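> I would like the atomic coordinates for the input below:
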Amino acid sequence: MQLSGRLCVLSVAMAGLLLAGCTIGALRSGPEPLTALNRVAEDPATQLRWLDRVTWGASASSQAELARTGLAAWMGRQLSPRMQPLPPAAQAQVDAMTISRTPLPELARALEAQRRAAEALTDDEQKKAARQAYQQELNRLAREAQQRFVLRALYSPDQLQEQMTWFWMNHFNVSLRKDNLRAMVGDYEENAIRPHALGRFRDLLGATLHHPAMLRYLDNAQNAANRINENYARELMELHTLGVDGGYSQTDVQELARVLTGVGVSYQPLDAPPPNVRPALRADYVRKGLFEFNPNRHDYGSKTLLGQPIQSRGLAEADEALDRLARAPATARFISRKLAVYFVSDDPPQALVERMAAAFTRSDGDIAVTLKAMFESPEFAASLGRKFRDPVHYVIAGVRLAYDDRVVSNVNPMLGWITRMGEQLYGHETPNGYPLNEAAWASAGQMNTRFEIARAIGANGAVLFRADDKAPLEKPAFPPLADSRAVRAMQAGLGADTREALAQAKNPQEWNTFLLASPELMRR
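As a prediction, this is how the structure comes out:
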């Protein structure tokens, strides 16, 4: 039987194996909880489990680094990232991007001028062409943001920071499908999320409130006195801080919306004169980049939030409200549980969540301190190898394992695979972000698609190393996975079904495909 026909037959069998593995758990037994981190990761197989959970996926080079430094020192570096550059070939791709070279205010103002010029055209054909050019430029900028994210996830030495950047981008979700957010999402990730991904939650919360992407996405740019828009206020409490059961009322939503009146977006240059604000309120006017607080649109009446009056005035009301929300016990529990769902289990032990929440509260919302409490817990150690990979984790982990630190020159196939599985980067339309649980991603259709993507990585991965779709593929067009030190280390932990499937492989391409599509590789 030819390779393509044989793989079509075997893909059905492998999909069944995948579903069975997803049901019973890929690893038959997890590591015993230990207290000394270095003792936890003495053997390569356990090192791989830690890497699969803390990083975007284990590889031979990352395992060598962990073995060289020891787990405790390695984890310390991950929790306190040093903002290291990518490998030169990857960093060069990032540096060449428009979103890396042009500040968002300059970019957004130029795009707004382009949009207005298109709308001013009277000739229908010219207007259509100008509108299309504007949309194409928005698409190009969004694609740059997606490409930059993938390159960093693949190659950044600060892997935990990249994981947490994705986590917070999903938590404080904005969608490129709305308005002109395709031009803003890259800066939102770069300047609102990434710098605070392992810092204080309050700083992160404030950075998202001050970014035009959030204000446009949740309509606060239209929120004004006598024209209240509650969208952002509601999601700020329900999704960003307290949680749906966090003890707030509809009155609190309304009061917070009043607090946020006047917080919006302006495309005016920084040297443009402020709007005509009455003299008593001129000192309250704020413009920074595209962010604007306009006193003319703010409700200066008295307000009460979560049972306590707001004492400040103007934009300072928002800071007071964020302080209150960030330090609420419900927020500590809500954020801790969501972190535990992401890193430990779809239904994390309540005792672990409570310990994390205590660390969150004790440290005034220090994200790294909260994570450290989780990483040092016996519950975390016991969970290694059991957390189901969502599509983004699956694709990036597969490429990291297959090609290690060899820098891809074209990440677009990876973006296509991720989108095909339903998790397009920045593409979730509603504010709640993509689900983090196994049930959302473990359907039969998803498993069939994953087998095909495993085949693409394992048998035709050379598509990642050519400049464009018309360039010839290098030979061989697949990675030598069986020769990887990381793969050799993990083979002892593979289940009997996976070992049998690998034994039936007729060539390296099939062997690669069966490994990457195995139940064990579906989990981290």
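
> state the distance from residue 248 to residue 280.
Between residue 248 and residue 280 the computed distance is 32 Å (C-beta to C-beta, to the nearest Å). Quick note: C-beta positions are derived from backbone N, CA and C, even for glycine.

> more neighbours: which of the two?
More neighbours surround residue 248 than the other of residue 248 and residue 280, with 24 against 9 (other C-beta atoms under 10 Å).

> hmm, residue 149 is touching residue 418, no?
No - Residue 149 lies out of contact with residue 418 (C-beta atoms under 8 Å); the separation is 10.2 Å.

> what touches both of the two?
Both residue 149 and residue 418 are in contact with residue 425, where contact means C-beta atoms under 8 Å, 6 or more residues apart in numbering.

> can I get stretch 158-178 in PDB, CA atoms only?
Taking Å, rounded to 0.1, in the frame of the first residue of the first chain, the C-alpha atoms of stretch 158-178 are listed here in PDB:
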ATOM      1  CA  ASP A 158      11.800  32.900  29.000                       C
ATOM      2  CA  GLN A 159       9.300  30.200  28.300                       C
ATOM      3  CA  LEU A 160       7.100  30.700  31.400                       C
ATOM      4  CA  GLN A 161       6.700  34.300  30.500                       C
ATOM      5  CA  GLU A 162       5.500  33.300  27.100                       C
ATOM      6  CA  GLN A 163       3.100  30.800  28.600                       C
ATOM      7  CA  MET A 164       1.700  33.500  30.900                       C
ATOM      8  CA  THR A 165       1.500  36.000  28.100                       C
ATOM      9  CA  TRP A 166      -0.800  33.700  26.300                       C
ATOM     10  CA  PHE A 167      -2.800  32.900  29.400                       C
ATOM     11  CA  TRP A 168      -3.400  36.600  30.200                       C
ATOM     12  CA  MET A 169      -4.200  37.400  26.600                       C
ATOM     13  CA  ASN A 170      -6.900  34.800  26.800                       C
ATOM     14  CA  HIS A 171      -8.000  36.000  30.200                       C
ATOM     15  CA  PHE A 172      -8.200  39.700  29.100                       C
ATOM     16  CA  ASN A 173      -9.400  38.600  25.700                       C
ATOM     17  CA  VAL A 174      -9.900  41.000  22.800                       C
ATOM     18  CA  SER A 175     -10.800  39.800  19.300                       C
ATOM     19  CA  LEU A 176      -9.200  40.800  16.100                       C
ATOM     20  CA  ARG A 177     -12.600  40.400  14.500                       C
ATOM     21  CA  LYS A 178     -13.900  43.600  15.900                       C
END
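
> buried ones in it, by neighbour count?
Buried residues in stretch 158-178, counted by 16 or more other C-beta atoms under 10 Å: 158-176.

> quick one, what contacts the residue nearest the centre of the chain?
The C-alpha lying nearest the average C-alpha coordinate of the chain belongs to residue 166 (C-alpha atoms, centre = their mean; 1.6 Å). Contacts of residue 166 were listed using C-beta under 8 Å, 6+ apart, and they are 149, 153, 392.

> and if you look at residue 191?
Here residue 191 is in contact with 104, 207, 211 (C-beta under 8 Å, 6+ apart).

> that one looks like it's in a helix, true?
Yes - using DSSP: H, G, I helix; E, B strand; the rest coil, the secondary structure at residue 191 is a helix.

> from residue 146, how far off is it?
Distance from residue 191 to residue 146, counting by C-beta to C-beta: 17 Å.

> repeat for residue 411
8 Å.

> if we can go back for a sec, just the buried residues of the contacts of residue 191.
Looks like the contacts of residue 191 have 104, 207, 211 buried, using 16+ other C-beta under 10 Å.

> residues contacting the residue nearest to residue 521 when sequence neighbours are not counted?
Spatially, and ignoring its direct neighbours in sequence, residue 521 is nearest to residue 515 (6.7 Å; C-beta to C-beta, 6 or more residues apart in numbering). Shown in contact with residue 515 (C-beta under 8 Å, 6+ apart): 454, 458, 481, 487, 498, 502, 521.

> what's the spacing between the closest residue to residue 464 other than its chain neighbours and residue 59?
In space, and not counting its chain neighbours, residue 464 is closest to residue 408: 4.0 Å by C-beta to C-beta, 6+ apart. Note on residue 408: its distance to residue 59, by C-beta to C-beta, is 13 Å.

> counting neighbours, go ahead and name the busier of the two.
Set residue 408 next to residue 59 and count neighbours by other C-beta under 10 Å: residue 59 wins out with 25 against 22.

> quick one: residues contacting that one.
Contacts of residue 59 (C-beta under 8 Å, 6+ apart): 51, 400, 401, 404, 405, 484, 486.

> flag the shaky bits of this structure, pLDDT-wise.
1-41 (pLDDT under 70).

> could you measure from residue 449 over to residue 520?
For residue 449, the distance to residue 520 - C-beta to C-beta - is 18 Å.

> cool, and residue 415?
Relative to residue 520, and taking C-beta to C-beta, residue 415 is found at 25 Å.

> and residue 149, how many neighbours?
Number of residues near residue 149 (other C-beta under 10 Å) recorded here: 25.

> ok but it is inside a strand, no?
No - membership of residue 149 in a strand is not supported by three-state DSSP, which gives helix.

> distance-wise, check it relative to residue 126.
Distance, residue 149 to residue 126, by C-beta to C-beta: 36 Å.

> where's the residue lying closest to residue 377 once chain neighbours are set aside, which helix or strand?
Closest residue in space to residue 377, ignoring its immediate chain neighbours: residue 352 at 5.6 Å, by C-beta to C-beta, 6+ apart. Assigned by DSSP states H and E, residue 352 belongs to helix 350-362.

> and that helix, what's buried?
352, 353, 355, 356, 357, 359, 360, 361.

> which of those sit farthest apart?
352 and 361 (15.1 Å; C-beta to C-beta).

> is it true that residue 107 touches residue 100?
No - under the criterion of C-beta under 8 Å, residue 107 is not in contact with residue 100, lying 11.1 Å apart.

> residues in contact with residue 342?
Contacts of residue 342 by C-beta under 8 Å, 6+ apart are 167, 436.

> residue 435: neighbouring residues, count only.
So residue 435, with other C-beta under 10 Å, has 15 neighbours.

> again, but for residue 487
Neighbour tally, residue 487, other C-beta under 10 Å: 22.

> so which strand or helix has it?
Applying DSSP H and E, one finds residue 487 within helix 485-490.

> show me how far that helix is from its chain's centre.
Offset of helix 485-490 from its chain centre (C-alpha atoms, centre = their mean, to the nearest Å): 27 Å.

> and the contacts of that helix?
44-45, 47-48, 58-60, 63-64, 401, 404, 481-482, 515, 520.

> now for these: which two are most distant?
Using C-beta to C-beta, the two most remote members of those are 64 and 520, lying 21.0 Å apart.

> which one of these two has more residues nearby?
Applying other C-beta under 10 Å to residue 64 and residue 520 shows that residue 520 carries more neighbours, namely 18 against 15.

> quick one on the thing from earlier: make TSV from the buried residues of helix 350-362 and add distance to residue 253 to it.
Supplementary listing: the buried residues of helix 350-362 in TSV, determined by distance: C-beta to C-beta, whole Å:
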residue	distance to residue 253
352	31
353	25
355	31
356	27
357	24
359	29
360	24
361	24
